[in-house]
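> Whatever this is, show me its structure:
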Amino acid sequence: MSEQPLVLIVMAMEAEAAPLRASLGAAPAVPPDWASSLPVRLAVADHAGVDIVLVTNGTDPRTGVDCIGSTAAALATQVALDHTRTGLGRRPDLVLTVGTAGGWNRAGASIGDVYLAWDRFVCHDRRIDLPGFNAFGRADLPAADLRAHADALGCRLGVVTTGDSLDESPEDAARILASGAEVKEMEAAAVAWIGSLHDVPVGAVKAITDLVDSPVATAEQFSANLATAADALQRTTLALLARLGEEIGADV
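The predicted model follows:
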């Protein structure tokens, strides 16, 4: 890879990642030796003046399903960052956590809307009622400032909240309201935490598959709208990468 801007994209589900990987013409990459037995899948590409490393959490060998959730996302992010460090000798200019998410009617969200994270990532299901641990549980990690791109891409802005359950419990709902979050998903705060440990900014592109406060079950909405959201993710992420190539490239 050349000394163009380097963006690391982290995705959880193969159905979300496959269209983007194909559009980028991404080629498989070998993970670091220590991660060779892990399900994480790496690919590299060059698009619109940006060097790209695309990592997916991979498939769970025991159950055969995508490794969704915060644990797998943190692991995949660490593997990919180690790949950029040892394999490319570089640190990414930006990490993007890209995927599907839930929104709320009360916040004006619609199926297919795409959000850019702003101004932070939070957690809604890490309830640690111990002195000093409450703040760790909430996360409150900063999101990279992508606001300048929102209007041009037709994206909304919102705080992204992460939890390891698809549904929303009453306790989760109360914490989400208190945080002001408008996007609910299962990986972003974990990616942001790993990014913070490496001093790399983390942003998010999230497409809405389900409305949490709809009378229709979340799982039913997700299944019905996944293809639509994956298409929106692909189009928005490609357009964002082109804009980032101009923006970051001018500063490199």
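> In stretch 115-123, which residues are buried?
Within stretch 115-123, the residues scored as buried using 16 or more other Cβ atoms under 10 Å are Y115, L116, A117, W118, R120, F121, V122, C123. From N, CA and C alone the C-beta is placed, and that goes for glycine too.
> Who is the spatially most central residue of the chain paired with across the strands?
Centroid check for the chain by Cα atoms, centre = their mean gives T97 as the closest residue, at 2.0 Å. Beta-bridge pairing for T97 (DSSP bridges): V10, A204.
> Could you report the separation of it from G154?
20 Å (Cβ to Cβ, to the nearest Å).
> picking that back up, just put the buried residues of stretch 115-123 in CSV and tack on secondary structure.
Listed next are the buried residues of stretch 115-123 as CSV, based on DSSP: H, G, I helix; E, B strand; the rest coil:
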residue, secondary structure
Y115, strand
L116, strand
A117, strand
W118, strand
R120, strand
F121, strand
V122, strand
C123, strand
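> just curious, which of these is nearest to T237?
L116 (10.7 Å; Cβ to Cβ).
> How confident was the prediction at the nearest residue to D82 once chain neighbours are set aside?
Distances taken as Cβ to Cβ, 6 or more residues apart in numbering put P32 closest to D82, at 4.9 Å, once the chain neighbours are dropped. On pLDDT, P32 comes in at 95.
> Likewise for the one 10 residues further on?
Confidence per residue is given as pLDDT, and for L42 that number is 98.
> In a strand, it, correct?
Yes. With three-state DSSP as the criterion, L42 is part of a strand.
> Any idea how many residues pack against the residue nearest to D82?
18 (other Cβ atoms under 10 Å).
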